[in-house]
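Asks: dropping the sequence and predicted coords here.
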Amino acid sequence: MISSKSDITQQSRSLTDIVRYRVEQEVSIKLNRIPVNNTIVKTDYTVKHNHNKPLFYSVHVDDHISKISPNGHQNLLDIMKGVDIIKSNVELLINSSTGKPETLKNHDAIVNEWNIFKTNYLKKNEFIRAKMTQQNIQDFVSAFDEQIHSSHQLLTGLDNQIFFNTFFDYFLVNMQAFESDLTMNYHSQLFKGIATPLTVNQKILQETPEKVLISKTTSAASKNNTSIDEIKKQYNKKYKPIIDYNFSEYQVNYDAQIEFNTTEKHIEYADIQMSECVMNNVEMDNRCRIWRIQ
């Protein structure tokens, strides 16, 4: 029997899984228990996966909304939004053991998109006369130039994003590790360049033949962080002049529930809460919900 053209087209389409996600994230920062910053980011993603290339994934940002309060930094957030979209439209090869992104296949395309964005951004701000503002613009461009021209830094940046860190995990390649402890790095949002190693405890809460609901919990205090001296140094420079109080203890907490479809090999839903603080002085709370919308 000879397949019709429509049959062949249907077979071709069936080789690619397409799932869409909505991600809503709220980050709040308090100094001495007083709220000073609240940021809300809403993003829709499309993820494509071809069964003929089991380690290949494509991710595209369909919509991106960001708001900050107080709104004095909204213009900067809008600029960052454009850069984040460029860095998040990716084609990836994942590691066959960990499920984490390992190779960035469209690096050249990302660099090209950034160069267009950079040219337009500099042209838009070429009227600026204040030398300090000119320098800030050049510093901004230089920082992202270095990051975007390095595929390693781009991959590290993806792992810092909750959606990518949650979606690309061991369950894409290993269905037997749902109750195994694992390690992860928590990348600080209060202190630049600080990553805290965490031991994550996993537990199956509920399961069916097609789906598994797991919890992932962990916490870490100052004694577990080899970067504590750098954290203290940044605290004394950035926060102590504002609130006066001496450094106390640095803590990180992570708590998540994730529902994974074992048949289709994708996340159905995730509810993630992360927090870090210098006890009683500075605190950051991050709540993120991810759910499949198609």
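Replies: Received, thanks.
Asks: next, count neighbours for Asn280.
Replies: The local packing of Asn280 (other C-beta atoms under 10 Å) involves 12 other residues. From N, CA and C alone the C-beta is placed, and that goes for glycine too.
Asks: that one touches Tyr245, doesn't it?
Replies: Yes - using C-beta atoms under 8 Å, Asn280 is in contact with Tyr245, at 7.3 Å.
Asks: give me the common contacts of these two.
Replies: Between them, Asn280 and Tyr245 share the neighbouring residues Asn32, with contact defined by C-beta atoms under 8 Å, 6 or more residues apart in numbering.
Asks: could I get the full set of helices for the stretch 1-150 of the chain?
Replies: With DSSP state H, counting those that start in this stretch as the definition, the stretch 1-150 of the chain shows helices at residue ranges 5-14, 74-88, 107-124, 131-148.
Asks: turn these into a markdown table, columns for mean neighbour count and mean pLDDT.
Replies: Below are these laid out as a markdown table (neighbours: other C-beta atoms under 10 Å; pLDDT from 0 to 100):
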| stretch | mean neighbour count | mean pLDDT |
| --- | --- | --- |
| helix 5-14 | 10 | 40 |
| helix 74-88 | 16 | 87 |
| helix 107-124 | 14 | 92 |
| helix 131-148 | 13 | 85 |
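Asks: how about these, which one is nearest Pro209?
Replies: Ranking these by distance to Pro209, with C-beta to C-beta as the measure, places helix 5-14 first at 21.6 Å.
Asks: low pLDDT regions in the stretch 101-250 of the chain?
Replies: Across the stretch 101-250 of the chain, residues meeting the criterion (pLDDT under 70) sit at 176, 219-226.
Asks: now the strands for it?
Replies: When secondary structure is read from DSSP state E, counting those that start in this stretch, the stretch 101-250 of the chain shows strands at 101-104, 182-187, 195-207, 211-221, 250-261.
Asks: just name the most buried of those strands.
Replies: Comparing the strands of the stretch 101-250 of the chain on average neighbours per residue, with mean count of other C-beta atoms under 10 Å, the densest one is strand 250-261 at a mean of 20.
Asks: show me what that one is packed up against.
Replies: Packing contacts for strand 250-261, counted by 3 or more C-beta pairs under 8 Å, 6 or more residues apart in numbering; DSSP states H and E, involve strand 182-187, strand 195-207, strand 211-221, strand 266-278.
Asks: let me have these in a markdown table, extended by distance to Ile148.
Replies: Listed next are the helices and strands packed on strand 250-261 as a markdown table, based on distance: least, C-beta to C-beta, whole Å:
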| stretch | distance to Ile148 |
| --- | --- |
| strand 182-187 | 18 |
| strand 195-207 | 21 |
| strand 211-221 | 31 |
| strand 266-278 | 26 |
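Asks: right, and the ones you listed - which one's nearest Glu102?
Replies: If you check each of the helices and strands packed on strand 250-261 against Glu102 by C-beta to C-beta, strand 182-187 wins as the nearest, at 16.1 Å.
Asks: surely Ser215 and Leu205 touch.
Replies: Yes - judged on C-beta under 8 Å, Ser215 makes contact with Leu205 at a distance of 5.6 Å.
Asks: okay, and the common contacts of these two?
Replies: Gln257.
Asks: list the contacts of Leu77.
Replies: When contacts are taken as C-beta under 8 Å, 6+ apart, Leu77 is in contact with 39, 66-68.
Asks: quick one: the helices of the stretch 1-150 of the chain as TSV, columns for distance to Asn174 too.
Replies: TSV is the format used below for the helices of the stretch 1-150 of the chain (distance: least, C-beta to C-beta, whole Å):
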stretch	distance to Asn174
helix 5-14	25
helix 74-88	25
helix 107-124	27
helix 131-148	31
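Asks: out of those helices, the one nearest Met284 is which?
Replies: Nearest to Met284 among the helices of the stretch 1-150 of the chain is helix 74-88; the distance by C-beta to C-beta comes to 16.6 Å.
Asks: what angle do that closest one and helix 107-124 make?
Replies: Here helix 74-88 runs at an angle of 160 degrees relative to helix 107-124 (axes from the mean of the first three to the mean of the last three C-alpha atoms, to 10 degrees).
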